[in-house]
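S.K.: sequence? don't have it. structure:
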C-alpha cells in the first residue's frame, strides 16, 4: 500500500470549535485501517477484517459478514489496497466521513489476478477510521425504497425505483406476506456498473456471471442494464425481491434446496418475463438431460454445468406445485422447509405426498425421453 501526498481540508462546524483538521492524521488513520484489512484478508481472519469495517448500516453489515466468512475457506494468495492521492473529507453534519479512490488488487490460487478501482467511503468511529463501502449517490424519491448507485446511473436508479414499486405488492401477495413486517420495510437496492464490481462486492472468490444477488438481510444487488427497458428491469427486480420474500417464510428459509429458492424467485419474475421458458425443460426431458434434484440442492457444490437446471427445473417444479396445490399449498410447502423440515418431510406435511411421488407426477407432465 502506498502513502501518497496529503490532504488540505477544513471540517466546517467541527473546525469552528476545535480548529483545522490534522489532514495528515486523516490519511494515516484511513491507510492504517486499509493495512489492517490487507493483513486480515491474507490471513483469512474474518473477525479481524470486520473490526475494520463500519457495520452501522444493517444491510451493509450482513453483506460484509458474508464477504468475511468466505475468507475463512477461500482466502486470496495476494491482496493489496491502494488509496488515491486525493481524499475528500466531509464537513458539518457529515463530519467524520471521508472518501477517496481505492484500488483493490487480488489473486486467488490458480486464478488470474484481478483489479477493481472505485470511490470508497471511510467513517470515523471513536477515534478510528473504518471502511464504509462504496461512496455512492442515493435515489430516494419513491417511498419504501432507496437505490444507491455509481455516479452516472441516476436514470437507471430512477427506473429501478419505479420497477420495484410496481412489483412489490404482487410479490408480497404471492407469498402471503401482506400482514408481515415486509411491506412496511424500506428496501435498499445497490446498482453496480460492472459485473466485476458486483462479483467483488459478494466475495473475492466469486467469479460466476450474474445480474443480481440477494442473501438474507442484505440489500438487493443489481448489475445496471446497459439500457432501460421497463419489462426487463421489472423482471430483474422481481426475481431478486422474490428472494427477499422467500427469506421471510421462516428462520431456515435460506437452507431450503437452492433449486427451490431459485424456482420461487423465477415464479415471482414470471409475470414480467418476455417469452416462454418452458421449452428448455421440455427439451431436457426429451433428451434425457434432466438432473437429479440432490445435484441442484447446494449453492456451493452445484456443478457449473448445472446452473441453468437450478433455475429451469426449479421454476418448472415450483410452477407445477403451484398449479396443483395453489399459492396456499405452495406457501405451506415453503414454510415447512423454512422451519427446518427436509424436502421430503415438507412435501409430505404440506402436499400429502412424498417428494418422489410429486417428482414422478411432475415428470409425467413433460415429454417422454426420446430413445
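M.R.: Sure, I can see it. The shown structure was predicted, so the numbers you read here are calculated from the model rather than taken from an experiment.
S.K.: I figured residue 177 hits residue 247, correct?
M.R.: No: contact criterion CB atoms under 8 Å: residue 177 and residue 247 do not qualify, at 10.6 Å. (Glycine included, C-beta is placed from N, CA and C.)
S.K.: the two: who's more crowded?
M.R.: A count of neighbours by other CB atoms under 10 Å puts residue 247 above the other of residue 177 and residue 247, at 21 against 18.
S.K.: who are the neighbours in contact with the residue lying closest to residue 334 once chain neighbours are set aside?
M.R.: By the measure of CB to CB, 6 or more residues apart in numbering, the closest residue to residue 334 outside its immediate chain neighbours is residue 249, 5.0 Å from it. Shown in contact with residue 249 (CB atoms under 8 Å, 6 or more residues apart in numbering): 175, 331, 334, 335, 338.
S.K.: try 6 Å this time
M.R.: Residue 249 sits next to 334, 335, 338 when contact means CB atoms under 6 Å, 6 or more residues apart in numbering.
S.K.: could you report the pLDDT at the second one?
M.R.: Spelled out, it's residue 335. Predicted confidence (pLDDT) for residue 335: 98.
S.K.: can you tell me the element it falls in?
M.R.: helix 307-338 (DSSP states H and E).
S.K.: list the buried residues for that helix?
M.R.: 309-322, 325, 330-338 (16 or more other CB atoms under 10 Å).
S.K.: show me this protein divided up by domain.
M.R.: 12-135, 139-249, 250-371 (automatic domain parsing).
S.K.: of those, which shows the lowest average pLDDT?
M.R.: domain 12-135 (a mean of 89).
S.K.: how far does that one sit from the chain's center?
M.R.: 20 Å (CA atoms, centre = their mean, to the nearest Å).
S.K.: over to stretch 135-145?
M.R.: 17 Å.
S.K.: not counting its own residues, what contacts that stretch?
M.R.: Contacts for stretch 135-145 (CB under 6 Å, 6+ apart): 99, 119-121, 146-149, 157, 161, 164-165, 186-187.
S.K.: how about the contacts made by residue 80?
M.R.: Residue 80 neighbours (CB under 6 Å, 6+ apart): residue 105.
S.K.: assumed it was part of a strand.
M.R.: Yes: per DSSP: H, G, I helix; E, B strand; the rest coil, residue 80 lies within a strand segment.
S.K.: kindly provide the distance from it to residue 144.
M.R.: Per CB to CB, to the nearest Å, residue 80 is found 40 Å from residue 144.
S.K.: residue 46 too?
M.R.: Relative to residue 144, and taking CB to CB, residue 46 is found at 33 Å.
S.K.: look at these two and report which has more neighbours.
M.R.: A count of neighbours by other CB under 10 Å puts residue 46 above the other of residue 46 and residue 144, at 19 against 13.
S.K.: and for stretch 36-53, what are the contacting residues?
M.R.: 33, 64, 68, 69, 71, 72, 75, 79, 81, 130, 131.
S.K.: check stretch 332-342 too.
M.R.: Contacts for stretch 332-342 (CB under 6 Å, 6+ apart): 249, 250, 252, 253, 256, 346, 349, 350, 351.
S.K.: where does residue 141 sit: helix, strand or coil?
M.R.: When the rule is three-state DSSP, residue 141 gets the label coil.
S.K.: how much space separates it from residue 371?
M.R.: On the measure of CB to CB, residue 141 and residue 371 end up 59 Å apart.
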